[in-house]
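Can you look at this prediction? I've put the sequence above it.
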Amino acid sequence: MIKRAELEAVCAEALALIEQSGIPINDADRAKITAADFGLSRLRQEGIEILTMYETDRAAGKILVLLPNQTEPEHWHPSQGDNPGKEEIIRAVWGDLYFYVEGEDNMKKGFIPEGKEAVYTLRHEIDLQPGDQLVFPPDTPHWFQAGPRGAVMFSFSTKVVDTLDGFTDPAIQRATVIED
């Protein structure tokens, strides 16, 4: 659960990071930014700020923002029935951005959120620089984290079905609840 005042504060910080990154946005874009806390009520530790640029029945483009040292929990975009699952391309734009995927443990810059060692299972670190990108086929586990400056990235994907995402943390609830 997020308090409305906290939501407004993190969205304002995220908009400032987007502007610092040099991505041009207009007032209509600014009005669309939101945040997700994954039902953990620890938004500044585990959460993300999202500005959806476009979303159709087939594709979506978003600006994702992580505040300093904020983490998006480990997840994957599952295929289910006739739905092949979401394929996602992440392109780093600005800041300190670390992705974690399957592979040898080489974690050096990031950290596991306190008390969450069991639900962050991926420790192969990829330090993305502006202009670097990663492609995640459906069903590919990953999580990501900002360093001390925060991070701004683009996310381009096939049809968005985020409510179907799988998470290693059983405490996560994908729908964000905002309390006034």
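That came through fine. These figures come from a predicted structure and were not determined experimentally.

which helix of this protein spans the most residues?
The single longest helix within the chain, with elements called by DSSP state H, is helix 4-21.

Residues in a beta bridge with Trp101, which ones?
You called it Trp, but residue 101 is Val. His124 (DSSP bridges).

swap in Ala92?
Beta-bridge pairing of Ala92 under DSSP bridges involves Met153.

That one touches Gly131, doesn't it?
Yes: using Cβ atoms under 8 Å, Ala92 is in contact with Gly131, at 6.7 Å. Every residue, glycine included, has its C-beta placed from N, CA and C.

which residues touch the nearest residue to Gly61 once chain neighbours are set aside?
Among residues not flanking Gly61 along the chain, Met53 sits closest, at 4.4 Å (Cβ to Cβ, 6 or more residues apart in numbering). Residues counted as contacts of Met53 (Cβ atoms under 8 Å, 6 or more residues apart in numbering) are 29, 61-63.

Likewise for Leu51?
So Leu51 contacts 14, 18, 25, 29, 32-34, 62-65 (Cβ under 8 Å, 6+ apart).

Tell me which residues of stretch 65-83 come out buried.
65-67, 69-77 (16 or more other Cβ atoms under 10 Å).

And those, which is closest to Pro141?
Pro141 has its nearest neighbour among the buried residues of stretch 65-83 in Trp76, at 4.6 Å by Cβ to Cβ.

Which ones among the buried residues of stretch 65-83 map onto strands?
65-66, 71-76 (DSSP state E).

Now pLDDT and distance to Leu7 too, for the residues you listed, in a markdown table please.
Formatted as a markdown table, those follow (pLDDT from 0 to 100; distance: Cβ to Cβ, whole Å):
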| residue | pLDDT | distance to Leu7 |
| --- | --- | --- |
| Val65 | 98 | 13 |
| Leu66 | 98 | 16 |
| Thr71 | 98 | 18 |
| Glu72 | 98 | 17 |
| Pro73 | 97 | 18 |
| Glu74 | 97 | 23 |
| His75 | 96 | 21 |
| Trp76 | 94 | 26 |
